[in-house]
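just coords:
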Ligand SMILES: [Zn+2]
């Protein structure tokens, strides 16, 4: 984010090789913001319907932890790049409070060396650009949280600004959870969190618990469900849950306490003196807005209209922009090759056969064309072949009638062989059953 080190911590051949005086915080080293990261954050803000700041700055967030060589993180405090956005999902819209840009920290590894418990630190990830997206407290259920995060993931991948690969830690999910008592002061039950009533925002609970660094959508749902149940239990005793940061243990499906939650004042934020504030003109923002690629909602509507696909297929195809591009390339190849099947047949083939999107989209059309040629076989030929097979395999027919229905596949294979691979399997099966019942 502030130096020229390679950003590829996940594939680094060894620890502490993508480092330099800037990200190691050595004396005299000066940070320079990554222009592309700033532009991409603004693009993300635009895609999330945010207001983009015309004046923004970086701040120092001071804290000591071994994964942070400088003793502070360069982040954004009171003037983030983007504010006030919204994400539309069927489960209920979620407003975006802010989107800000900062640097990632290094990674600690707790392990054993020569029989001693040690903590090792790897700074390869240190100073990789990191965007933090904070929502308003609009999420009312774990299902809504999961749907929102999936949508966010999709938008990031459409923008092409991150692979957002959760296995590699390039997207990390951190729900903040609290349970609001009913108006009469009683504690709600486990299933009362389905409404998206923003009016209740005015009276948020006096505490919140953050679960850090979750790496899958289903784990977020599990962590939230676990926390809600835990909070209800504590609230029922008359107490409030402790405001703290917790971690999710995947194997046990539980959260565990990590540390008490800090307030902003604990970090002694102040403007980063080594980086001047950033100013953006309306024209710059407008140019970035015009350069935005098609986003998932627009792709969904376009696909539905252009190819007359059902919603379920469209949803699957737009889920991943790589799959979407592959599908559209296959449809285009179909036109070139004068393939007569519908776009829906092409969609079904790609989805059902789980075609590798790295392969040649035109090969999909070639397979569909040869398949269509194969199943093109006059019904008279099917009947004639099936009649021959039934006559020549009297024992199999008797077996079938005595309940060994498996032999039908054998007979079907014989018919296929006679037709040299042509003919539709379902049609052949129907004809065989008709002939057997008559014999
Ligand atoms: Zn560096």
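Arrived safely. A quick note: this is a predicted structure, and the numbers were derived from the prediction, not measured. Numbering: from 1, shown residues only.

Identify the residues contacting residue 365.
330, 333, 334, 337, 339, 346 (C-beta atoms under 8 Å, 6 or more residues apart in numbering). The C-beta positions use only the backbone N, C-alpha and C, and glycine is treated the same way.

Mind picking the two most distant members of the residues you listed?
Using C-beta to C-beta, the contacts of residue 365 reach their maximum pairwise distance at 337 and 346, which is 11.5 Å.

on that earlier part again, mind giving me the PyMOL select for the contacts of residue 365, buried ones only?
In PyMOL, a selection of the buried entries from the contacts of residue 365 looks like this (16 or more other C-beta atoms under 10 Å):
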select buried, resi 330+333+334+339+346
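
Show the low-confidence segments of the stretch 251-400 of the chain, by residue range.
Filtered on pLDDT under 70, the stretch 251-400 of the chain yields no residues whatsoever.

For residue 134, what are phi and psi?
phi -110, psi 130 (degrees, to the nearest 10).

all numbers from here: first residue = 191
Taking 191 as the first residue, the last one we looked at is residue 324.

Now it: closest residue in space, sequence neighbours ignored.
The shortest distance from residue 324 to any non-neighbouring residue, by C-beta to C-beta, 6 or more residues apart in numbering, is to residue 287 (4.5 Å).

downstream neighbour of the helix or strand where that neighbour lies in the secondary structure list?
Here residue 287, judged by DSSP states H and E, is contained in strand 284-293. As assigned by DSSP H and E, the chain's next helix or strand after strand 284-293 is strand 297-303.

picking that back up, let's have the contacts of residue 555 in TSV, adding distance to residue 263 and secondary structure.
Below are those laid out as TSV (distance: C-beta to C-beta, whole Å; DSSP: H, G, I helix; E, B strand; the rest coil):
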residue	distance to residue 263	secondary structure
520	46	helix
523	49	helix
524	51	helix
527	55	coil
529	55	coil
536	49	helix
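
now, which of the contacts of residue 555 sits nearest residue 301?
Residue 301 lies nearest to residue 520 out of the contacts of residue 555, by C-beta to C-beta, at 47.6 Å.

Please report the distance of that closest one from residue 543.
Applying C-beta to C-beta, to the nearest Å, the value for residue 520 to residue 543 is 12 Å.

now swap in residue 252 and tell me
Distance, residue 252 to residue 543, using C-beta to C-beta: 55 Å.

Please work out the residue of the stretch 391-540 of the chain nearest to the ion and name it.
residue 464 (14.4 Å; C-beta to the ion).

burial count for that residue?
Other residues lying near residue 464 total 13 when counted by other C-beta atoms under 10 Å.

That one: what secondary structure?
What DSSP: H, G, I helix; E, B strand; the rest coil gives for residue 464 is coil.

Am I right that it is in contact with residue 220?
Yes - look at residue 464 against residue 220 with C-beta atoms under 8 Å: they come within range, at 5.3 Å.

ok, residues contacting the helix or strand encompassing residue 436?
Using DSSP H and E, residue 436 falls within strand 434-439. Contact with strand 434-439 is made by 399-404, 409, 412-413, 417, 444-451, as judged by C-beta under 8 Å, 6+ apart.

circling back to that earlier point, distance from the chain centre to the strand holding residue 287, please.
Distance of strand 284-293 from its chain centroid, counting by C-alpha atoms, centre = their mean, to the nearest Å, is 18 Å.

Break down the stretch 441-590 of the chain into its helices, ranges please.
472-480, 486-497, 501-508, 511-526, 533-542, 551-565, 569-582, 584-591 (DSSP state H, counting those that start in this stretch).

same thing with the stretch 191-340 of the chain?
With DSSP H, counting those that start in this stretch as the criterion, the stretch 191-340 of the chain has helices spanning 225-237, 332-349.

about what we covered before: quick one: list the elements packing against the strand holding residue 287.
In terms of contacts (3 or more C-beta pairs under 8 Å, 6 or more residues apart in numbering; DSSP states H and E), strand 284-293 is packed against helix 225-237, strand 262-265, strand 272-277, strand 319-325.

mind putting the ones you listed in CSV, mean pLDDT, distance to residue 438 and mean neighbour count included?
Compiled in CSV, the helices and strands packed on strand 284-293 are given as follows (pLDDT from 0 to 100; distance: least, C-beta to C-beta, whole Å; neighbours: other C-beta atoms under 10 Å):
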stretch, mean pLDDT, distance to residue 438, mean neighbour count
helix 225-237, 98, 25, 20
strand 262-265, 96, 23, 20
strand 272-277, 97, 23, 20
strand 319-325, 98, 19, 18
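
which stretch among the ones you listed comes nearest residue 591?
strand 272-277 (61.0 Å).

Within range of the ion, give me the residues from this structure.
Counting by C-beta under 5 Å from the ion, the chain comes close to the ion at 193, 195, 210, 212, 213.

from the residues you listed, which would you call buried?
Among the residues of the chain next to the ion, those buried by neighbour count (16+ other C-beta under 10 Å) are 193, 195, 212, 213.

which two from those residues end up farthest apart in space?
195 and 212 (8.0 Å).

Name the residue closest to the centre of this structure, please.
With distances taken as C-alpha atoms, centre = their mean, residue 343 lies nearest the centre of the chain, 4.0 Å away.

Distance check, it against the ion.
28 Å (C-beta to the ion, to the nearest Å).

State the distance from that residue to residue 355.
To residue 355, residue 343 is 10 Å away according to C-beta to C-beta.

Ok, residue 524 next?
32 Å.

re the thing from before, residues shared between the contacts of residue 195 and residue 212?
By C-beta under 8 Å, 6+ apart, the residues touching both residue 195 and residue 212 are residue 317.

Over to stretch 310-325 now: how far is its first residue from its last?
Across stretch 310-325, the terminal residues are separated by 34 Å (C-alpha to C-alpha, to the nearest Å).

Actually, stretch 246-256.
Using C-alpha to C-alpha, one end of stretch 246-256 lies 29 Å from the other.

If you count neighbours, what's buried in it?
Result for stretch 246-256 [16+ other C-beta under 10 Å]: buried residues 246, 247, 248, 249, 250, 251.

Repeat that for stretch 429-442.
By neighbour count, with 16+ other C-beta under 10 Å as the criterion, the buried positions of stretch 429-442 are 431, 435, 436, 438.

go on, stretch 464-481?
Across stretch 464-481, burial judged by 16+ other C-beta under 10 Å covers 465, 468, 470, 475, 478.

Does residue 513 touch residue 507 like I think?
Yes - counting by C-beta under 8 Å, residue 507 is a contact partner of residue 513 at 6.0 Å.

okay, and for the stretch 241-390 of the chain, where does confidence drop off?
Along the stretch 241-390 of the chain, segments meeting pLDDT under 70 span 383-390.

now the residue in it positioned nearest to the ion, nearest residue through space, not along the chain?
The nearest approach of the stretch 241-390 of the chain to the ion comes at residue 317, 5.4 Å away (C-beta to the ion). Closest residue to residue 317 apart from its sequence neighbours, by C-beta to C-beta, 6+ apart: residue 213 at 3.6 Å.

Perfect, I'm done here.
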